[in-house]
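# Just need the structure, nothing else, for what follows:
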Amino acid sequence: MEQRLIEIELKVISLEDTVQQLNQLVYEQQKQLDGVRAMCRLLLQQQEARDGSRPAAASADERPPHY
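Residues are numbered from 1 along each chain as shown. Have a look, this model is predicted:
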């Protein structure tokens, strides 16, 4: 009985360690995701700024000048 209890305790310790490692991994991935989101926002802002400074594109219904 005591040996079985020791085995269970060892498994619990191992599982706690695994959970801690997974929590750290999730934390690091969340930081990376936050960085990617910030970069996407910046790229969208830059694209909108460029689009605002360009003349409007020709309409899809408008014929090109060579017709």
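# Show me where this protein dips below the pLDDT cut-off.
Using pLDDT under 70 as the threshold, the predicted model of the chain has low-confidence ranges 55-60, 67.
# mind running it again at 50?
By pLDDT under 50, the chain contains no weakly predicted segment.
# Tell me where it has helices.
2-53 (DSSP state H).
# Can you tell me the centre-most residue of it?
For the chain, the residue nearest the mean C-alpha position is Leu33 (3.1 Å; C-alpha atoms, centre = their mean).
# Distance-wise, check that one relative to His66.
With the distance defined as C-beta to C-beta, to the nearest Å, Leu33 ends up 48 Å from His66. Placement of C-beta: from N, CA and C, glycine included.
# With Arg54 instead?
Using C-beta to C-beta, one gets 22 Å for the distance from Arg54 to His66.
# between those two, which one's more packed in?
Arg54 (7 against 4; other C-beta atoms under 10 Å).
# Now do that one against Lys31, distance only.
With distances taken as C-beta to C-beta, Arg54 is found 35 Å from Lys31.
# Please apply the same query to Glu62.
If you go by C-beta to C-beta, the gap between Glu62 and Lys31 works out to 47 Å.
# okay, now Gly35: neighbour count?
10.
# and the gap between it and Arg41?
Relative to Arg41, Gly35 is positioned 11 Å away (criterion: C-beta to C-beta).
# And the residue lying farthest from the centre of the chain, how close does it get to Leu10?
Of all residues in the chain, the one whose C-alpha sits farthest from the chain's mean C-alpha position, using C-alpha atoms, centre = their mean, is Met1 at 47.8 Å. Distance of Met1 to Leu10, given as C-beta to C-beta: 15 Å.
# cool, His66 as well?
80 Å.
# try Leu43
50 Å.
# ditto for Arg41
Using C-beta to C-beta, Arg41 is found at 47 Å from Leu10.
# Tell me which residues of stretch 44-56 come out buried.
Across stretch 44-56, burial judged by 16 or more other C-beta atoms under 10 Å covers no residue at all.
# could I get that stretch in PDB with only the CA atoms?
Taking C-alpha atoms only, stretch 44-56 is exported to PDB below (Å, rounded to 0.1, in the frame of the first residue of the first chain):
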ATOM      1  CA  LEU A  44      -2.300  48.100 -41.400                       C
ATOM      2  CA  GLN A  45      -1.800  51.700 -40.300                       C
ATOM      3  CA  GLN A  46       1.100  52.000 -42.700                       C
ATOM      4  CA  GLN A  47      -0.900  50.600 -45.500                       C
ATOM      5  CA  GLU A  48      -3.800  52.900 -44.800                       C
ATOM      6  CA  ALA A  49      -1.500  55.800 -44.700                       C
ATOM      7  CA  ARG A  50      -0.100  54.800 -48.100                       C
ATOM      8  CA  ASP A  51      -3.600  54.200 -49.600                       C
ATOM      9  CA  GLY A  52      -4.700  57.700 -48.300                       C
ATOM     10  CA  SER A  53      -1.800  59.400 -50.200                       C
ATOM     11  CA  ARG A  54      -2.400  57.600 -53.500                       C
ATOM     12  CA  PRO A  55      -4.900  58.700 -56.100                       C
ATOM     13  CA  ALA A  56      -8.100  56.600 -56.200                       C
END
